[in-house]
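Asks: when you get a sec, could you give me coordinates for this:
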Amino acid sequence: MRLDNMLLAEGVSGPEKGGGAAAAAAAAAASGGTSDNSIEHSDYRAKLSQIRQIYHTELEKYEQACNEFTTHVMNLLREQSRTRPISPKEIERMVGIIHRKFSSIQMQLKQSTCEAVMILRSRFLDARRKRRNFSKQATEILNEYFYSHLSNPYPSEEAKEELAKKCSITVSQVSRSFFSMQNSQLPTTPTCGKGVGCP
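Replies: This next block holds a predicted model:
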């Protein structure tokens, strides 16, 4: 039941519209609306669509195999009923056994599909986390400012706003970036007036 709910929520089973696309849209919305995000969003949807297609193909094969095997066993039992007595209840019992066996195969299919969706989601979320790093151009702009202002590497509010515009990031991201750079770089630079690089 839980597997069915997850497959339905991700849009793998159930109606084609919504589902996985809605889950991907929600995940994308949570990370912001950048163009990188829309690219990854479309990648996520494409891969989810592949998982859905494989699931439905395998489910069709499963249903076909189950029906064929059930029909085959019922035909065998009918043939045997000519030589020995076989009650309809016995045929029903055999069909029940077959369906239980095939049901475990269906459960494995659902389980592996859910695992594939979870792996896809975790990769998508990991990619979103990595994407929080700045672009190469933004990093170069921030580093250039930092190293050209080593004597006072923390920018003013106006400079932060200008850097944020240049880098296409927020002012708070600029602030955090400079705070991080100060923590990692400044202890190695002289803080008194005696060394190289001091004013």
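Asks: and the helix or strand harbouring Glu144, average pLDDT?
Replies: Element membership for Glu144 (DSSP states H and E) is helix 136-148. Helix 136-148 comes out with an average pLDDT of 84.
Asks: list the buried residues of that helix.
Replies: For helix 136-148, the neighbour count (16 or more other C-beta atoms under 10 Å) marks 138, 141-142, 145-146 as buried. In short, each C-beta sits where N, CA and C put it, glycine included.
Asks: how near is the residue positioned nearest the centre of the chain to Glu161?
Replies: The chain has Arg121 as the residue nearest its centroid, 1.7 Å off, counting by C-alpha atoms, centre = their mean. Arg121 is 36 Å from Glu161, where distance means C-beta to C-beta, to the nearest Å.
Asks: name the SS class of the nearest residue to Leu59 once chain neighbours are set aside, please.
Replies: Leaving aside its sequence neighbours, Leu59 sits nearest to Leu109 (C-beta to C-beta, 6 or more residues apart in numbering; 6.6 Å). On the three-state scheme (DSSP: H, G, I helix; E, B strand; the rest coil), Leu109 is labelled helix.
Asks: and the nearest residue to Glu90 once chain neighbours are set aside, how many neighbours?
Replies: Once flanking residues are discounted, Glu90 sits nearest to Leu77: 7.4 Å by C-beta to C-beta, 6+ apart. Leu77: 16 surrounding residues under other C-beta atoms under 10 Å.
Asks: and the buried residues of helix 136-148 as CSV, adding distance to Cys66?
Replies: As requested, the buried residues of helix 136-148 are exported to CSV (distance: C-beta to C-beta, whole Å):
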residue, distance to Cys66
Ala138, 56
Ile141, 62
Leu142, 61
Tyr145, 66
Phe146, 65
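Asks: okay, buried residues for stretch 96-106 please.
Replies: Buried, per 16+ other C-beta under 10 Å, within stretch 96-106: 98, 102, 106.
Asks: now His149: phi and psi?
Replies: With angles defined as degrees, to the nearest 10, His149 sits at phi -130, psi 40.
Asks: roughly how far does it sit from Asn143?
Replies: 11 Å.
Asks: same question, Glu161
Replies: Glu161 is 18 Å from Asn143, by C-beta to C-beta.
Asks: and what of Leu8?
Replies: Distance from Leu8 to Asn143, by C-beta to C-beta: 48 Å.
Asks: can you check His72 too?
Replies: 71 Å.
Asks: isn't Gln111 up against Arg2?
Replies: No: under the criterion of C-beta atoms under 8 Å, Gln111 is not in contact with Arg2, lying 10.3 Å apart.
Asks: between these two, which one's more packed in?
Replies: The neighbour comparison of Gln111 against Arg2 (other C-beta under 10 Å) goes to Gln111, with 11 against 8.
Asks: what sits against that one?
Replies: By C-beta atoms under 8 Å, 6 or more residues apart in numbering, the contact set of Gln111 is Leu3.
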